[in-house]
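**Student:** give me the fold of what follows.
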Amino acid sequence: MEQNPYAAPKTRVADEEEPGPTELASRGQRFVNLLIDLVGYFAFAIVLGVVLAIVYPPFVESESSALGDYAFGFVVITAYYALCELLFGRTLGKLVTRTWVVDEAGGRPTFWQILGRSAARSIPFEPFSFFGREPIGWHDRLSETRVVRKARTARQ
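**Tutor:** Numbering: from 1, shown residues only. The predicted structure follows:
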């Protein structure tokens, strides 16, 4: 019997990060992630602001309040991190540093872990929390997730 050339392939294609042991991302990698993701966050906020201004002009024309600004910032930062980590398992910064988010067992985090992790980034001074003894931030501890990279082997 001939094979159907239009059938889906039957082999599994592994992601680049799946094989091999992992280790926690370093403080340097976490800091680079933070800097790159700040740029991504601001770009996302600008795009979202422009879209809102086009779709709903009173959003821009109304007087701004501090509480409204904080709420918008919270929504944007949570959406940026949650969307990136839910869809790709990593943000722009993690893509550059070749790191990604896993749960404490090394598997794919759940939706609720990613959402909690993303919302926890709004805790004051949270970006500096990974400068402790271990490079694990509050958003990692609270959501029971970790940022890892592929462990170096003898051949690398």
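
**Student:** drop to CA atoms for contacts and neighbour counts, all remaining ones
**Tutor:** Fine.

**Student:** show me where the protein has strands.
**Tutor:** 22-24, 99-103, 145-150 (DSSP state E).

**Student:** the longest one pairs with which strands, parallel or anti?
**Tutor:** Strand 145-150 has the following strand partners under DSSP bridges: strand 22-24 (antiparallel), strand 99-103 (antiparallel).

**Student:** the longest one: which residues count as buried?
**Tutor:** Of the residues in strand 99-103, those buried by neighbour count under the rule 16 or more other Cα atoms under 10 Å are 99-103.

**Student:** before we move on, the earlier item: tell me which of the strands of the chain sits nearest to residue 43.
**Tutor:** Among the strands of the chain, strand 99-103 comes nearest to residue 43, with 21.0 Å by Cα to Cα.

**Student:** for residue 131, which non-adjacent residue is spatially closest?
**Tutor:** residue 27 (6.7 Å; Cα to Cα, 6 or more residues apart in numbering).

**Student:** so where's the protein shaky on pLDDT?
**Tutor:** Across the chain, the ranges flagged by pLDDT under 70 are 1, 9, 11-21, 151-156.

**Student:** what about the longest helix in it?
**Tutor:** helix 27-55 (DSSP state H).

**Student:** tell me which strands and helices it is in contact with?
**Tutor:** Applying 3 or more Cα pairs under 8 Å, 6 or more residues apart in numbering; DSSP states H and E, one finds that helix 27-55 contacts helix 58-61, helix 66-88, helix 92-97.

**Student:** okay if I get the strands paired with strand 145-150 as JSON lines plus distance to residue 55?
**Tutor:** JSON lines is the format used below for the strands paired with strand 145-150 (distance: least, Cα to Cα, whole Å):
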{"stretch": "strand 22-24", "distance to residue 55": "42"}
{"stretch": "strand 99-103", "distance to residue 55": "34"}
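
**Student:** who wins for proximity to residue 47 among those?
**Tutor:** The nearest among the strands paired with strand 145-150, by Cα to Cα, is strand 99-103 at 24.8 Å.

**Student:** show me the contact partners of the closest one.
**Tutor:** Applying Cα atoms under 8 Å, 6 or more residues apart in numbering, the set of residues contacting strand 99-103 from outside is 25, 85, 89-91, 94, 108-109, 144-150.
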